[in-house]
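Novice: Sequence first, predicted model second:
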Amino acid sequence: MSFSPLIRQLIDALRGLPGVGPKTAQRMALHLLERNREAGRQLAHALEAAMDGVGYCSRCRTLSETEICELCRDPRRDDSLLCVLQSPADVWAVEMAGSFRGRYFVLKGHLSPIDGLGPEEIGVPALLERVQGSEVAEVILATNPTVEGEATAHYVAGLLKPLGISVSRIAHGVPLGGELEFIDGGTLAHALAGRTRID
Ligand SMILES: [Zn+2]
């Protein structure tokens, strides 16, 4: 059986969502058409409004509806501390944790020469520009603890240190409440390498 053009178009569009295969997309489309047209209209409206209205903060490059985002505008935050992350989702994750009071800067992913992602593509020059002549005294590199994330952190650190900026890397490893015997070797090795002194 083949669907009519509009239904086909809707199913194809839904497949653009992460984790949505053909069967799920079909189920979603038919559900909206048969059972919940109001939700479908709301979804269409919200999608259009968000796609048109959400851009990037010109200062930290996270998703923002205004030229400068709320986090960058907040006068209570510490201008001397800058946390560098790989995506706006990471900004929200750190914000949800609730203990970081500095500023943020979002790189567009990580360095990946194979995919043609060099320093320029991920926004390293913009980061240097953000830092130079600013009040930033310490940069925390919070890229992912993957091979690419580590390489990116290492590369960026090499550019920041000559500018007289203190550079640190987030510690990662043993989760709170975790038991050592259940943690994989790579994670444990990282935790040991990133140990901190107890004074
Ligand atoms: Zn911002």
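Specialist: Received, thanks.
Novice: in terms of contact, does residue 145 touch residue 171 like I think?
Specialist: No. Contact criterion CB atoms under 8 Å: residue 145 and residue 171 do not qualify, at 9.6 Å. Every residue, glycine included, has its C-beta placed from N, CA and C.
Novice: more crowded one of those two?
Specialist: Counted by other CB atoms under 10 Å, residue 145 and residue 171 do not tie: residue 145 has more neighbours, with 17 against 13.
Novice: Run through the residues that contact the more buried one.
Specialist: By CB atoms under 8 Å, 6 or more residues apart in numbering, residue 145 lies in contact with 172, 190.
Novice: The residue lying closest to residue 136 once chain neighbours are set aside and residue 64, how far apart?
Specialist: With CB to CB, 6 or more residues apart in numbering as the criterion, residue 136 has its nearest non-adjacent residue at 4.6 Å, and that residue is residue 82. Going from residue 82 to residue 64 by CB to CB, to the nearest Å gives 17 Å.
Novice: These two: which has the busier surroundings?
Specialist: Per other CB under 10 Å, whichever of residue 82 and residue 64 has more neighbours is residue 82, with 24 against 20.
Novice: immediately after the longest helix anywhere in the chain, which helix or strand?
Specialist: Looking across the chain with DSSP state H, the single longest helix is helix 37-53. Per DSSP states H and E, the first helix or strand lying C-terminal to helix 37-53 is strand 55-56.
Novice: quick check, distance from the helix or strand encompassing residue 128 to the centre of its chain.
Specialist: Assignment of secondary structure by DSSP H and E places residue 128 within helix 124-131. Between the centre of helix 124-131 and the centre of its chain there are 17 Å (CA atoms, centre = their mean, to the nearest Å).
Novice: Same check on stretch 144-155?
Specialist: Using CA atoms, centre = their mean, the offset of stretch 144-155 from its chain centre is 14 Å.
Novice: thinking again about what came up before, show me what the mean pLDDT comes to for the helix or strand where the residue nearest to residue 136 lies.
Specialist: Following DSSP H and E, one finds residue 82 within strand 78-85. Rounded to a whole number, the mean pLDDT of strand 78-85 is 96.
Novice: Going by neighbour count, which residues of the helix or strand bottoming out on mean pLDDT in the chain are buried?
Specialist: Counting by mean pLDDT, DSSP states H and E, the chain has its least confident helix or strand at helix 185-193, which shows a mean of 81. Buried residues in helix 185-193, counted by 16 or more other CB atoms under 10 Å: 187, 190-191.
Novice: If anything else comes up later, I'll come back, but that's it for now.
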